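K.L.:
Build me a model:
(one chain, ligands or ions: 3)
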Amino acid sequence: MENIQKKAAELASFFLNNLSKFDKIYIVSHKDTDGIAACALLYITLSRYKKVETRIVSQIYTETLNKLKKIVGDNLVVFSDLGSSFCEEIEEKFKYYIILDHHPVKNCKGNILNPHLFGYNGAYDLSGSGAAYLFCKNLYPEIKKYSYLAILGAIGDKQNDPFQGLNLEIIKEGKGIFERYGKNIFIKNVEDDLKDGEYFSSLLNACGTLDKENLGLQVCIQNKEAIKEAKKIYEKYDRELDRALKHFLENKDKIIEENRKRSAYFILTNTKRNLTGPLSTLLIKIFNDKPVIVISKKDNLKISARGTKELVSQGLHLGEALKIAVNGKGEGGGHDIASGAIYHGDAEEFIERLDFEIKKQLKKGFLIEGELMFDYENEKIASSVAEAIDVDNEKPLKATLIETYSNRNIFITKVKSESIGTFKNVIDDVLVCIKSAEIMKE
Ligand code: C5P
Ligand code: C5P
Ligand code: ZN
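P.N.:
Ligands and ions are numbered 1, 2, ... in the order given. Have a look, this model is predicted:
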């Protein structure tokens, strides 16, 4: 296994070797504590070399990358606290890029620094700002006095229970900067109001959640006016969160009852979309025997899922479960213990799909899954049969999940169910539908 520090130094050399080839550097980072802290570290370091423009976003999509490409051209773009799941597309689209991230990743080559690729777990051992820090150290050694930003990112991403792996190394290296007490950390070289690590991290999180990311960046570099303003914003955010939380606590028994047969606590809400993350993080501390899935119904569905280390050790991987559950009707993914998604579809349908996947991971209850495959003469027939079946399945049968699609001349129907009787009935129904679709075609 390659060494992560060595890779960070290599990426710094790549930066220096190509510096003369671009006029400007674009930083694209994630809109939470970790992403804002990463962006600040990169801004401080890279603006010593070239003009820097920052963009803080809640998520990237293929479309985001296409738009970005038009703006960036052949300049350098640095992705922090995001980008891993798009590494191939990024490699393909951008001439000069660097990804500094900690989200789950497989088979990524190229200019990427991600703890998962070096034998560490990105959910616990290093944050996105930590990855940015390892890179920046090679370009601007004095960045060490800002090492608190790498640790704030870790706190924001809940990697402080306890600090471990590379996070712990950064703390040890920062002698004279940090003082640990329990899960929290005392930061010596910042403004008085920001010395409590948990509080500092919460301020940045509030800035991100309430779309004040530039204010967050200013707070990172100790701008006094910005700190004052951020404190006000934080209070407002905290009140909103408190209100939502109180509502759930009043309905605790109802939530437990509604989810009795489910693998997780599915909690539907009308609160702001960007509060699902913070709310789910709070709720998993209260409802901690099963995962917590908070779903905001404003516009399309915005979903935040949180688990516990105990559940992860039993096989839970929320990132994988969400990725499967969205099934082409949105985007989802993330860590084993914390993940999120957007879903363009019915809430009940999504809950059923996700419930099934989590049950499968935790090996709960009786689950049966089957696949019917038909090989047709040509693509056209296969896709028209698939379409015909899809219409029939608009309303999935209770506790049964059906997916139909065609791939070239092959038509596939997947049936998932929690009861063998239903499973058999659905298969029978599907076969009848296929038969009639075929007859119609003739
Ligand atoms: O995208 P990102 O990695 O920054 O998402 C982090 C989110 O996941 C945070 O909201 C944090 O609460 C949650 N998380 C967690 N436990 C972990 C890692 C992350 O709850 N070990
Ligand atoms: O939005 P939330 O804080 O719940 O996101 C938790 C985690 O899920 C983050 O690591 C985020 O990057 C990831 N996520 C994702 N795809 C989405 C939404 C969130 O990978 N569509
Ligand atoms: Zn992060």
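
K.L.:
need the contact list for the residue in the stretch 151-300 of the chain that ligand 2 sits nearest to.
P.N.:
Nearest to ligand 2 in the stretch 151-300 of the chain, going by CB to the nearest ligand atom, is Gly277, at a distance of 3.0 Å. Where you see a C-beta, it was placed from the backbone N, CA and C, and this is true even at glycine. Neighbouring residues of Gly277 by CB atoms under 8 Å, 6 or more residues apart in numbering: Asp32, Thr209, Ser304, Gly340.

K.L.:
Now the second one: closest residue in space, sequence neighbours ignored.
P.N.:
Pointing back at Thr209 there. Asn274 (5.0 Å; CB to CB, 6 or more residues apart in numbering).

K.L.:
got it, and the last one?
P.N.:
Ranked by CB to CB, 6+ apart and with sequence neighbours excluded, the top spatial neighbour of Gly340 is Ser304, at 5.0 Å.

K.L.:
Spell out which strands sit alongside the helix or strand hosting the one you found in the sheet and which way each one runs.
P.N.:
Using DSSP states H and E, Ser304 falls within strand 301-306. Sheet pairing of strand 301-306 (DSSP bridges) gives strand 292-296 (antiparallel), strand 338-343 (antiparallel).

K.L.:
Gly110 is nearest to which of those strands?
P.N.:
strand 338-343 (24.3 Å; CB to CB).

K.L.:
So the closest one, near ligand 3 or not?
P.N.:
No - judged by CB under 5 Å from the ion, strand 338-343 and ligand 3 are separated, with a smallest distance of 9.4 Å.

K.L.:
Using CSV, write down the CA coordinates of that strand.
P.N.:
Provided in CSV are the C-alpha atoms of strand 338-343 (Å, rounded to 0.1, in the frame of the first residue of the first chain):
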residue,chain,number,x,y,z
ALA,A,338,-23.8,8.6,7.4
SER,A,339,-25.3,9.1,3.9
GLY,A,340,-27.7,11.1,2.0
ALA,A,341,-29.9,11.2,-1.2
ILE,A,342,-32.3,13.1,-3.4
TYR,A,343,-35.3,11.1,-4.7
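
K.L.:
And for that strand, what's in contact with it?
P.N.:
If you take CB under 8 Å, 6+ apart as the criterion, strand 338-343 is touched by 59, 123, 157-158, 276-277, 280-281, 300-307, 318-319, 321-322, 325-326, 329-334, 350.

K.L.:
Report pLDDT for the closest residue to ligand 2 within the stretch 101-250 of the chain.
P.N.:
With CB to the nearest ligand atom, the shortest gap between the stretch 101-250 of the chain and ligand 2 falls at His103, namely 5.7 Å. pLDDT recorded at His103 is 95.

K.L.:
can you check the one 5 residues further on too?
P.N.:
Model confidence at Cys108, given as pLDDT, is 89.

K.L.:
my guess is it contacts Asn114, does it?
P.N.:
Yes - with contact defined as CB atoms under 8 Å, Cys108 counts as touching Asn114 (6.9 Å).

K.L.:
shared neighbours, those two?
P.N.:
With CB under 8 Å, 6+ apart as the test, Cys108 and Asn114 both reach Ser84, Ile99.

K.L.:
Pick out whichever of these two has more residues nearby.
P.N.:
Neighbours were counted for Cys108 and for Asn114 using other CB atoms under 10 Å; Asn114 has more, 24 against 20.

K.L.:
elements contacting the strand or helix carrying Arg180?
P.N.:
Per DSSP H and E: Arg180 is located in strand 178-181. For strand 178-181, the elements it packs on are strand 184-187, judged by 3 or more CB pairs under 8 Å, 6 or more residues apart in numbering; DSSP states H and E.

K.L.:
Show me what the mean pLDDT comes to for the strand it packs on.
P.N.:
Mean predicted lDDT for strand 184-187 stands at 95.

K.L.:
same check, this time on stretch 111-119
P.N.:
On average, stretch 111-119 scores 97.

K.L.:
Buried residues in whichever strand or helix holds Thr54, which are they?
P.N.:
In the assignment (DSSP H and E), Thr54 maps to strand 51-57. Neighbour-count burial for strand 51-57 flags Val52, Thr54, Arg55, Ile56 (criterion: 16 or more other CB atoms under 10 Å).

K.L.:
And for stretch 108-124?
P.N.:
Neighbour-count burial for stretch 108-124 [16+ other CB under 10 Å]: 108, 111-118, 120-124.

K.L.:
can you tell me the distance between the two ends of it?
P.N.:
Using CA to CA, to the nearest Å, the end-to-end distance of stretch 108-124 comes to 20 Å.

K.L.:
How many residues are close by the closest residue to ligand 3 within the chain?
P.N.:
Taking CB to the ion as the measure, the chain has Asp34 as its residue closest to ligand 3, at 3.4 Å. As a burial measure, Asp34 scores 34 neighbours (other CB under 10 Å).

K.L.:
and what of the one 3 residues further on?
P.N.:
Neighbours of Ala37 under the rule other CB under 10 Å: 38.

K.L.:
In contact with it, which residues?
P.N.:
Ala37 sits in contact with Ser127, Ser129, Ala132, Leu149, Ala150, Leu152, Gly153, Gly156, Leu204, Cys220, where contact means CB under 8 Å, 6+ apart.

K.L.:
Would you confirm that the first one contacts His102?
P.N.:
The one in question is Ser127. Yes - contact criterion CB under 8 Å: Ser127 and His102 qualify, at 5.7 Å.
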